[in-house]
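Participant: Build me a model:
(one chain, ligands or ions: 1)
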Amino acid sequence: MPGHRSGHSWPESIRTRLASLDTTELAATDDLHQPTGPALVAMDLAARCFGAGRTWFLTNGSTGGILALLAGLVGRGRKLILPRTCHLAVSHALALLDIQPVWLEFSRPVSPDPLGFLPVVSARMVADAIALHPDSVAVFLTSPDYYGRCADLAAISHVAHQAGMLLLVDEAHGAHFVAAPGLLPQTALSSGADACVQSAHKTLPALTQGGYLHVAVSLLSRDPRTAGRMTAALRIFQTSSPSFAIAASLDFARDYLEQHGQVQIENTLESIQRLATTLWPDYLVSPAAVTPVRGEMRDPLRIVIRQREPLAAPATQLAHQLGLQGIDIELSDLTRLVLIPSLDQPGHDFERLQQVLSAWLESPHPDQPIRGLDLLQLEQRWLELLVQPPERVLAPGSVLLEPVDTAAIPLAHSAGSVMAQSLAPYPPGIPLLLPGERMDRQRLDLLLALRDNGINLSGVDHDSIRVVV
Ligand SMILES: Cc1ncc(COP(=O)(O)O)c(C=O)c1O
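Facilitator: Okay, the predicted model is just below:
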């Protein structure tokens, strides 16, 4: 995991004691579901560090946290305003809780940013959705996104609160923001969000599945039932045997952030700046400073690399090459690489990355030519279809959770069929179709072209998909 670099980011005392930290509820260890001792102290320290009124440790990742957040603060059958570009966990929450989605409308034409494929939600879009659906309970957003782009949460929380709605944020990729104010974007909580979830394992030295769920001071004082609701929801969506090893790593990550975060972030930003300068103009690398652009911010620690144009090959090929050289990346879409540095990533790793990227441009790589469409056109079409909901025939919950008849059919012959499961081109793993939605010709053509260009299709098994019959 990028957060801890195979344990290299941890001191010996943690690296060698993981097995002994894997305990159950004992007098000395406390109960993570009902903390009264050391676990409570650790969670309170985390709440203080992250500026929350109350923090819960997540041991089933942001996935469990998102399910609990929506169960605890939105509830069954209610209306929720959100973009189509949310993580799969959100669509599962919609299905389980029978939440009615109000999809945010992106103003057309949407076009991908060279350094971030996904569009950013604006306060204007949220205000428009609120005007049409004033009976919604909350607004749910992902910020930052996989590319480090952040929405203007301060403006959005203002709009949501004026309408009496909550702002809930999937901040899975932003657990580190609190450590270096000014150098990194503002946190969701300090921008007025009512609650958020963070995956600690993505950007902090914590074990996989470690995360935090934070609720703002203001929400706890406005509605004292909130803490009880969150605790109850977490009991449903997290295991009854939460991992103390993960919890201990969350406590360590918080301490690390407080002790060393600022300095490590400054060092890493310097390395990213050097990388960007050395690779220019062969590659465009995301800026190593917070860059406010039209109300949007970018996490400078998220390294996004775009090949120079004309693009020689899909970025998936370049990602493969990096993998062969032992450089693990977070994701590659058609034209960009996304890398998450650890907070203590050594400088020589950046030099090696630069060498491999420079060598790639010199080497011939026509072995897997771009198929079908020009990559930029393909990306444009992908984005347009991603933000536009297809026809919904059945509620996702009735497809996933009721005994409907389904069958596997070849993807190539699926136009017109109703999906029995989500279909998400990966990366970035955002569903193009949810259960109960109809596959149309445009989406099918797009999926086939993406597959031909190295994008994995999650939900397609041996060229077949499961549909409702
Ligand atoms: C934006 C976003 N939200 C939520 C999740 C789920 O996080 P976790 O892996 O911690 O369950 C992910 C995982 O990739 C993500 O990218």
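Participant: drop to CA atoms for contacts and neighbour counts, all remaining ones
Facilitator: Fine.
Participant: Poorly predicted segments of the chain, please.
Facilitator: The chain contains residues with pLDDT under 70 at 294-295, 310, 312, 364-373.
Participant: Quick one: name the residues of the stretch 51-200 of the chain near the ligand.
Facilitator: Neighbours of the ligand within the stretch 51-200 of the chain, by CA under 6 Å from any ligand atom: 61-63, 87, 142, 145, 170, 172, 199.
Participant: Neighbour-wise, give me the winner out of those.
Facilitator: Highest neighbour count within those, by other CA atoms under 10 Å: S199, with 30 neighbours.
Participant: now that one: how far from D344?
Facilitator: Going from S199 to D344 by CA to CA, to the nearest Å gives 18 Å.
Participant: Now name the helix or strand holding the closest residue to V110 other than its chain neighbours.
Facilitator: Leaving out its chain neighbours, the residue that sits closest to V110 by CA to CA, 6 or more residues apart in numbering is E384, at 6.3 Å. Counting by DSSP states H and E, the element that carries E384 is helix 375-387.
Participant: can you list the residues that contact that helix?
Facilitator: Counting contacts by CA atoms under 8 Å, 6 or more residues apart in numbering, the residues outside helix 375-387 that touch it are 83-85, 105-106, 109-112, 117-118, 311, 314, 334-335, 431-432, 443, 446, 449-450.
Participant: Buried ones among those residues?
Facilitator: 83-85, 105-106, 111-112, 117-118, 314, 334-335, 431-432, 443, 446, 449-450 (16 or more other CA atoms under 10 Å).
Participant: So in the chain, which helix runs the longest?
Facilitator: Ranked by residue count under DSSP state H, the longest helix found in the chain is helix 244-279.
Participant: coming back round to it: from the residues of the stretch 51-200 of the chain next to the ligand, which two are the most distant?
Facilitator: G61 and D145 (16.4 Å; CA to CA).
Participant: just the strands in the stretch 101-250 of the chain please.
Facilitator: 138-142, 149-150, 166-170, 195-199, 211-215 (DSSP state E, counting those that start in this stretch).
Participant: Show me what the first one is packed against.
Facilitator: This points to strand 138-142. Where contact means 3 or more CA pairs under 8 Å, 6 or more residues apart in numbering; DSSP states H and E, strand 138-142 is packed against strand 79-82, strand 166-170.
Participant: can you put these in CSV and add distance to V290?
Facilitator: CSV is the format used below for the helices and strands packed on strand 138-142 (distance: least, CA to CA, whole Å):
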stretch, distance to V290
strand 79-82, 25
strand 166-170, 20
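Participant: Please work out which of the ones you listed is packed deepest.
Facilitator: Highest mean neighbour count of those: strand 166-170, a mean of 26 (counted as mean count of other CA atoms under 10 Å).
Participant: Just the CA coordinates for it, please, in CSV.
Facilitator: The C-alpha atoms that make up strand 166-170 are tabulated as CSV, following Å, rounded to 0.1, in the frame of the first residue of the first chain:
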residue,chain,number,x,y,z
LEU,A,166,-26.3,17.9,5.4
LEU,A,167,-23.0,17.8,3.4
LEU,A,168,-21.4,14.3,3.6
VAL,A,169,-18.0,13.8,2.0
ASP,A,170,-16.1,10.8,0.7
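Participant: That strand packs against which elements?
Facilitator: Using 3+ CA pairs under 8 Å, 6+ apart, strand 166-170 is in contact with strand 138-142, helix 153-162, strand 195-199.
Participant: Closest residue of the stretch 251-400 of the chain to the ligand?
Facilitator: Of all residues in the stretch 251-400 of the chain, the one sitting closest to the ligand is E330 (9.5 Å; CA to the nearest ligand atom).
Participant: these two touch, right, that residue and I340?
Facilitator: Yes: between E330 and I340 there is a contact under CA atoms under 8 Å: 6.3 Å.
Participant: between these two, which one's more packed in?
Facilitator: I340 (23 against 17).
Participant: buried set for stretch 436-448?
Facilitator: 436-440, 443-444, 446-448.
Participant: who's in contact with stretch 68-88?
Facilitator: By CA under 8 Å, 6+ apart, the list of residues contacting stretch 68-88 reads 93, 97-105, 118, 121, 126, 129-130, 135-142, 195-196, 226, 229-230, 232-234, 236-237, 386-389, 429-431.
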